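# Fold the following and give me the result.
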Amino acid sequence: MSEVEMKAFTDAVEKLGRNFEEFKHENDVRLKDIEKKGKTDPLLTEKLEKMDKAIGEFASEKDKLVLKMKQLAAARSTGDIEETEEQIEAKSLFREFLVEGKHTKSVGSPEFFVNKFIPESKGGKLERKSMSVMSDPDGGFMVTNDMNGRMIKKLHETSDMRRVASVQTISGAALEGIRDLDQADYGWVGEKSDRPETSTPALKAYLIPVHEMYAMPMVTQTLLDDANFNPEQWLADKVADRFSRAENDAFVNGTTNVKPRGFLGYPVGTTNPGQVEEIASGTNAVITPDTMFDLVTALKSPYRANAQFGMHRLTTALLRKIKDGEDRYLWDPGLNGKMQQQFLGYAINEFNDMPVPANGSRSIAFADWKEFYLIVDRVGIRTLRDPYTSKPYIKIYVTKRTGGDVTNFEAGKTYRLGA
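Below you'll find the predicted structure:
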């Protein structure tokens, strides 16, 4: 990150810090009202909800932008990519947004920056079976001569599992590995004592198969010829985004044998293979500092060194209000040069495929993700263009093969809110 970019980031976190300090003050007033009167002003509650939403959105956006800028900086340093003029322009506008507080739609807004510089979500469901210039809803509006501007991309919430988990590309249909289930035995002996044989660690093989997902939208040749943008590329982007969101949901929640196995797809139990250990919060979906400490300390120290939280953004909003026994807030928006928002000193990742907080929901995960979960790719996205079988339509057949599974059940824990 350049000196100018670092200055923009520093200014941004200072603004976030001021907003969070105001939030803490107002929340303290609310807590005192409840303690003295048993209730609080509804207007204050509404104000806090708006402040909390704004802080959460800004902190989340800040985390995404900084992570992306670090990734781009790393890629530039190795010569893997070169910045486009559009990206340079977007970065300049991003700095204006952070430093000067410009919030217009066209200059420096988060929406502008995300769409131009960090197009992480290009979503939208492929709900139509085909596209035709004769029907506006099916694509006809894309060929009008006076159409200007870019197509609006709807942002979809998902879980960026590929960023935190281990990822491996294979050349076969499955990845085989060995899981270490135990440790070597030992004994203390005297100088002349016998040395009986000690037991060896138990091992167990595991298999992570790759699974296939596909999409096959159709578009007319006329539309491809006449549209003043590239509909084929647009459809490819749509499908790629949909694949990304589908696999991320599977990495979290998958349970069937036709998709990756998610870490929430395993039954609750001990650290034995096939079970993910769980910490309970107590009753009434209340998250307490003590039980969150229990969650952290349940993970062995070698894994805690690289551990991070994963949770839905609405769960993060609950953590934002939690205090310790000395009346200190435990959520950190990511100030003082830290890259991500944190809780108890551990980074928070937004996994929006995890359950929203509710009675009995398994809403928080805490893991050394690279040890805990492995994503396996067979190949990238493959596209087959078929202009023959359904004339005048062209079929765009897209496939991807990927798998995923927990590989080290000791390296991750989950947290369930009370019923």
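# how close does Val286 get to Leu319?
12 Å (CB to CB, to the nearest Å). C-beta here means a position set from N, CA and C on the backbone, and glycine is covered the same way.
# can you check Lys259 too?
Distance from Lys259 to Leu319, by CB to CB: 30 Å.
# Kindly report the same for Gly274.
On the measure of CB to CB, Gly274 and Leu319 end up 30 Å apart.
# Show me which of these two is the more surrounded one.
Per other CB atoms under 10 Å, whichever of Gly274 and Leu319 has more neighbours is Leu319, with 22 against 10.
# Mind pulling up the pLDDT for that one?
On pLDDT, Leu319 comes in at 92.
# With Asp11 instead?
Listed pLDDT for Asp11 reads 65.
# same question, Tyr186
We have a pLDDT of 77 for Tyr186.
# Double-check that it belongs to a helix.
No - in this structure, Tyr186 is coil, not part of a helix, as judged by DSSP: H, G, I helix; E, B strand; the rest coil.
# Phi and psi next, for it.
Here is the backbone geometry of Tyr186 (degrees, to the nearest 10): phi -150, psi 180.
# which residues does it contact?
The contact partners of Tyr186, taken as CB atoms under 8 Å, 6 or more residues apart in numbering, are Thr198.
# Where does the prediction get shaky in the stretch 101-250 of the chain?
Within the stretch 101-250 of the chain, the stretches with pLDDT under 70 are 101-157, 179-183, 201-204.
# That one: helices as residue ranges?
Ranges of helices in the stretch 101-250 of the chain, per DSSP state H, counting those that start in this stretch, are 110-116, 161-164, 221-226, 231-253.
# pull the CA atoms of the third one into PDB?
Spelled out, that is helix 221-226. The C-alpha coordinates for helix 221-226 follow below in PDB (Å, rounded to 0.1, in the frame of the first residue of the first chain):
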ATOM      1  CA  GLN A 221     -27.300 -14.800 -32.300                       C
ATOM      2  CA  THR A 222     -29.000 -11.500 -33.200                       C
ATOM      3  CA  LEU A 223     -28.600 -10.200 -29.700                       C
ATOM      4  CA  LEU A 224     -24.900 -11.200 -29.800                       C
ATOM      5  CA  ASP A 225     -24.500  -9.400 -33.100                       C
ATOM      6  CA  ASP A 226     -26.400  -6.200 -32.300                       C
END
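# what packs against it?
In terms of contacts (3 or more CB pairs under 8 Å, 6 or more residues apart in numbering; DSSP states H and E), helix 221-226 is packed against helix 231-253, strand 393-406.
# Which of those sits closest to Glu49?
Closest to Glu49 of those is helix 231-253 (CB to CB; 26.8 Å).
# residues of that closest one that come out buried?
For helix 231-253, the neighbour count (16 or more other CB atoms under 10 Å) marks 231-232, 234-253 as buried.
# Could you list every helix and strand that that helix packs against?
Looks like helix 231-253 contacts helix 161-164, strand 211-215, strand 218-220, helix 221-226, strand 373-386, strand 393-406 (3+ CB pairs under 8 Å, 6+ apart).
# quick one, which of those is nearest to Thr315?
Taking the helices and strands packed on helix 231-253 one by one with CB to CB, helix 161-164 is closest: 16.5 Å.
# same for the closest one, what does it pack against?
Using 3+ CB pairs under 8 Å, 6+ apart as the test, helix 161-164 ends up in contact with helix 231-253, helix 369-372, strand 373-386.
# got the angle for the first one vs strand 211-215?
For helix 231-253 and strand 211-215, the angle between their directions (axes from the mean of the first three to the mean of the last three CA atoms, to 10 degrees) works out to 140 degrees.
# And the last one, by the same measure?
Using the same axes, to 10 degrees, the interaxial angle of strand 373-386 with respect to strand 211-215 works out to 40 degrees.
# Okay, now the sheet partners of strand 373-386, with direction.
strand 166-169 (parallel), strand 393-406 (antiparallel) (DSSP bridges).
# That strand: which residues count as buried?
Burial within strand 373-386, assessed by neighbour count using 16+ other CB under 10 Å, is assigned to Tyr373, Leu374, Ile375, Val376, Asp377, Arg378, Ile381.
# For it, list the C-alpha coordinates in CSV.
Below are the C-alpha coordinates for strand 373-386, written out as CSV (Å, rounded to 0.1, in the frame of the first residue of the first chain):
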residue,chain,number,x,y,z
TYR,A,373,-11.1,-26.5,6.0
LEU,A,374,-9.8,-27.5,2.6
ILE,A,375,-11.3,-26.5,-0.8
VAL,A,376,-10.4,-28.8,-3.7
ASP,A,377,-10.6,-27.6,-7.4
ARG,A,378,-10.5,-30.0,-10.4
VAL,A,379,-10.3,-27.3,-13.1
GLY,A,380,-11.6,-23.7,-13.4
ILE,A,381,-14.8,-22.7,-15.0
ARG,A,382,-15.3,-24.3,-18.5
THR,A,383,-17.6,-22.9,-21.1
LEU,A,384,-19.0,-24.7,-24.2
ARG,A,385,-20.7,-22.6,-26.8
ASP,A,386,-23.4,-24.5,-28.8
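# mind checking which of the helices of the stretch 101-250 of the chain is nearest Gln308?
Comparing those by CB to CB, helix 161-164 comes nearest, at 6.4 Å.
# okay if I get the helices of the stretch 101-250 of the chain as a markdown table plus distance to Phe351?
Converted to a markdown table, the helices of the stretch 101-250 of the chain look like this (distance: least, CB to CB, whole Å):
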| stretch | distance to Phe351 |
| --- | --- |
| helix 110-116 | 19 |
| helix 161-164 | 7 |
| helix 221-226 | 37 |
| helix 231-253 | 6 |
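# wait, which of the ones you listed is closest to Pro302?
Closest approach to Pro302 among these is made by helix 161-164 (17.3 Å; CB to CB).
# contacts for the closest one?
In contact with helix 161-164 (CB under 8 Å, 6+ apart) are residues 67, 248, 251-252, 308, 310, 349, 351, 369-370, 373, 375, 404.
# Out of the residues you listed, the closest to Pro387 would be?
Distance to Pro387, by CB to CB, is smallest for Asn248 among the contacts of helix 161-164, at 32.4 Å.
# Do a quick rundown of the strands in the stretch 201-350 of the chain.
Along the stretch 201-350 of the chain, counting by DSSP state E, counting those that start in this stretch, strands occupy 203-209, 211-215, 218-220, 268-269, 276-280, 308-311, 331-332, 342-343, 346-350.
# Just say which of those strands is most tucked in.
Of all those, strand 308-311 has the most neighbours on average by mean count of other CB atoms under 10 Å, namely a mean of 24.
# Perfect, that will be all.
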